[in-house]
Every structure is written in C-alpha cells, then in structure tokens.
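Visitor: Here is a sequence together with a model predicted from it:
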Amino acid sequence: MTGWFAPGRLEVLGKHTDYAGGRSLLAAVDRGVRVEARDANVGVTAQSDAFPEPIHLLPGVEPDLPDGHWGHYLQTVVDRLTSNFGPLPPTHLDITSDLPLASGMSSSSALLVASALTLADRGGFLTSDAWQANIHEDAHLAGYLACVENGMSFGSLAGHRGVGTFGGSEDHTAMLCCRPGELSVFSFCPVRRERQVVLPDDLRFVVAVSGVLAEKTGSARERYNRASRACVEIVRTWNTETGRADVTIADAVASAHDASERLRALVATSDDLSTRLHQFLVESNHVIPEAADALAAGHLDRFGDLVDASMHLATTHLGNQVGETVDLARLARELGASAASAFGAGFGGSVWALVSASDADAFAEHWLRAYRAAHPEVGANASTLVTRPGGPAQPL
C-alpha cells in the first residue's frame, strides 16, 4: 500500500505574515488527513469519508465540480505533478480525515500535502532527477507544495494554475517540519527555522470551531487575497521609491536600519496599506519573538498579553476576524485561559486557548456552552477538541 498522513496545524501566532516573508509560531497537531492509494483503470479517482461521492480526474481536464469542492485541490495536485514530473500511474485515492472541515486547522492544505506525497511516491517522483535537483530537505518540500497550492514556480519546477489563493507556505511548513511536543518559529520566503520552544507537558491547546466556515472561496477568498495584495502593493511602492527589487516586506525591512520607518512614511497616505504594514511589523518583529521568549521562560501572563495584542491587531488592522471569533477569544480569557487567539486565514474558523492539562476537558465544555449561549445560531455547529503539538507528515 502507498499512502501518506499529513497533520493539521495550529498557527499559534503569525496572522498573514508568511507570504510577506515574516515569522510564524507554529505547531502540527495530532490529527489530520490520511490518503491511501490503490490501482485504478484510468486517471485519478478519489473518494472521501466526509463526501462519499467518488470523483474522476484527468490531467489538464477541468473537473465538473462546484466551486469550493475539495476535488479542485486534488485536480491542482494532479496537474502540477504531471507538468513537473510526467504522467501519473492510474490511481484510486481513499481519503479519510479527523480534522474539522473549514475550521482554520488547514484541512485543505493537509489534503493537498497528503495526496501530493502519495501520488509522487506512487509515481516514483521522489527519486527522480527533477525532484532531487530542487527538493533537498523538508523545508524545500514545504516550499514546493505551497507553490503547488498558489501556482508559483519553485526552482526549475515551473508553476501551474493553483487553487486560487495567493498564500504562503506556513501551513505546509508546519505539516512537514514541526516536531512533537514543541512550537516552532519559522520565517519565510525562503523557509527558515529560527527556534524551537518546548510546550510543557501540563499544558494543552483547546480548539473551538466557531461554526462560521473559514472557506477560501467566494467572498472569503477575495478578502483573503486582498490582504495578500496589500503586501504586494507595499513592496511595489518601496521598490519604485528606492530602485530596489525586494520581493517581500521582510526583505525591504532588512535592507536598511531605518527601512521600517521609511516604509511607514511611503504608505502613510493609504489607510489600507498603512494598517496592513503596521500589523505585519508588530506581529512579525515584536509579538512573535517576545511571545516565544515568554513561553520558553514560563511567563504565561506575558505570553497571554502578547497574544491579546496579536488578536487586537487582527481585528483592528488586518480585518480578518468576525464577531464569533472575537467573542470566542474573549470568552476563553474570561474563563481563565492563559492565552487565546483566532488563527488561520480568518473570516471564520477557529480559536485556540492554552489551558492546563488537568482542566482541559472541563474548560472545553464550559467554553462551548458559553459560546453557544452568545451565538445560538452558529453555535449549534460549533465544537471543541483538545490537542498537543504533533509530529510531521509521514508515510503510512
């Protein structure tokens, strides 16, 4: 049997920072997506436990599927692998998952990672010259699979149409590079591991799924992409003014000791760009390094204050929160969580809370009850789970 497991992830901190070259504080989780392969007659067929109707895919042939269907992620994988490495053997994929769908735990990227690795393994691509020339370590693999999703080229592996979101490699990095029992600080473009922070055994993450779907489709996808395009415009403005050719905001900031202040001045006349830049600079350059220091030192009060600052910026400057996720974070803190924050693309999804292991189950119950009382309509679809940092993707 050929198959791979890819975990979901927690973005502890790092709201829309990765594609701008910034930092994220990440963990894989102890649940995810399993993809198992067997022989088929033609093309790639797939069946999911959540959506049992089978789908049939051929390279370069647009599937007759509704917008937002999970099969579009799989079609993206089929097209990109075929383009970069050659024909795939006829394959049927059986897909199972214990991740909540559209929750912000990146079930869609986990599907892409697990299916891409399964098909690449089955096709013999992992030992091909093209693979070996471009992908030398897990960080490279995370970068390549992010490019599969966003459609960009990676090294000599030419780009192909992605899934329609202009995102970075945070999700894929967490799924391929994070370690059990630890949180990892990464910076991006390219992926660089900066430090590890052990999460004490007596702490747990409780995740509350808001019931507001965090789908990267339709209007939510447009709002997600708007945050990404603002970063592109900030860098374009900087390069025009300075004559440089920086790719990300982080590149621009690193170019001179006063670059941050010059960037702020350049975009000061645009509320959209100035608020986006401020959120990025504070989140990436101050909140995340200081939060990692506080957690490593066991200063949970300080850690909680920094996470609160991140959540405030997400609401007031990034603008990717909804009332339900704001209330979930507030309720968690009122119930005694050391820290709490929404995570992922935003516009719905989930909130994590850091609590003691002995209280985690009771906390989850009380948190869900309080949220359902405040938001009875969507609260009916809300749920909670308790998790710790898990290991990376692995073959079955």
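Guide: The structure has been received and is ready for your questions. Not measured: the values here are computed from a predicted model. Residues are numbered from 1 along each chain as shown.
Visitor: Tell me where the model's unsure across the stretch 51-200 of the chain.
Guide: Applying pLDDT under 70 to the stretch 51-200 of the chain flags residues 102-103, 164-167.
Visitor: Let me know the secondary structure of Pro190.
Guide: Here Pro190 is coil, with the state taken from DSSP: H, G, I helix; E, B strand; the rest coil.
Visitor: Which residue, neighbours along the chain excluded, lies closest to it?
Guide: Excluding the flanking residues, the one nearest Pro190 by Cβ to Cβ, 6 or more residues apart in numbering is Gly143, at 6.3 Å. C-beta: built from backbone N, CA, C; applies to glycine.
Visitor: Leu141 too?
Guide: Sequence neighbours aside, Ile135 is the residue nearest to Leu141 in space, at 5.2 Å (criterion: Cβ to Cβ, 6+ apart).
Visitor: Run a quick neighbour tally on that neighbour.
Guide: The burial count assigned to Ile135 is 22, neighbours taken as other Cβ atoms under 10 Å.
Visitor: Can you tell me the strand partners of the longest strand along the chain and which way each runs?
Guide: Counting by DSSP state E, the longest strand found in the chain is strand 23-39. Next to strand 23-39 in the sheet, as set by DSSP bridges, lie strand 2-13 (antiparallel), strand 91-97 (antiparallel), strand 182-187 (antiparallel), strand 389-390 (antiparallel).
Visitor: Would you mind pulling up the elements that the helix or strand following that strand packs against?
Guide: Counting by DSSP states H and E, the next helix or strand C-terminal to strand 23-39 is strand 44-48. Identification of packing neighbours for strand 44-48 by 3 or more Cβ pairs under 8 Å, 6 or more residues apart in numbering; DSSP states H and E yields strand 55-57, helix 71-85, strand 91-97.
Visitor: So Ser260 is in contact with Leu281, correct?
Guide: Yes: with contact defined as Cβ atoms under 8 Å, Ser260 reaches Leu281; the gap is 5.9 Å.
Visitor: Which one's more surrounded, those two?
Guide: The residue with more neighbours, out of Ser260 and Leu281, is Leu281; 20 against 16, by other Cβ under 10 Å.
Visitor: Let me know the pLDDT of the more buried one.
Guide: Per-residue confidence (pLDDT) for Leu281: 98.
Visitor: contacts for the host helix or strand of it?
Guide: Per DSSP H and E: Leu281 is located in helix 271-282. For helix 271-282, contacts defined as Cβ atoms under 8 Å, 6 or more residues apart in numbering pick out 15-17, 20, 22, 227, 230-231, 233-234, 237, 249, 253, 260, 263-264, 267-268, 309, 313-314, 316-319.
Visitor: Whichever of those end up buried, select them in PyMOL.
Guide: Buried members of these, defined by 16 or more other Cβ atoms under 10 Å, are picked up in PyMOL with:
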select buried, resi 15+16+17+20+22+227+230+231+234+237+249+253+260+263+267+309+313+314+317+318+319
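Visitor: Three-state assignment for Ala353, please.
Guide: At Ala353 the chain is in strand, as set by three-state DSSP.
Visitor: Quick one: residues contacting the most centrally placed residue in the chain.
Guide: Compute the mean C-alpha point of the chain, and by Cα atoms, centre = their mean the closest residue is Asp171, 3.3 Å away. Neighbour list for Asp171: Arg9, Ser106, Ser109, Ala110, Ala146 [criterion: Cβ under 8 Å, 6+ apart].
Visitor: Of those, which belong to strands?
Guide: Among the contacts of Asp171, the members found in strands (DSSP E) are Arg9.
Visitor: wait, isn't Pro180 in contact with Asp201?
Guide: No: the pair Pro180 / Asp201 is not scored as a contact, 11.6 Å apart, by Cβ under 8 Å.
Visitor: the more surrounded of these two?
Guide: Between Pro180 and Asp201, Pro180 has the larger neighbour count (other Cβ under 10 Å), namely 13 against 9.
Visitor: Okay, and the more buried one sits in which element?
Guide: Under the criterion DSSP H and E, no helix or strand holds Pro180.
Visitor: Look up how far Gly319 lies from it.
Guide: 35 Å (Cβ to Cβ, to the nearest Å).
Visitor: circling back: please point out which parts of the longest strand of the chain sit buried.
Guide: Buried residues in strand 23-39, counted by 16+ other Cβ under 10 Å: 23-37.
Visitor: give me every residue that touches the residue in the chain sticking out farthest from the centre.
Guide: Most distant residue from the mean C-alpha position of the chain: Asn41, 34.3 Å away (Cα atoms, centre = their mean). Going by Cβ under 8 Å, 6+ apart, Asn41 touches Pro90.
Visitor: close enough to count as contact, the residue nearest to Leu141 and Leu145?
Guide: No: counting by Cβ under 8 Å, Ile135 stays clear of Leu145, with 9.5 Å between them.
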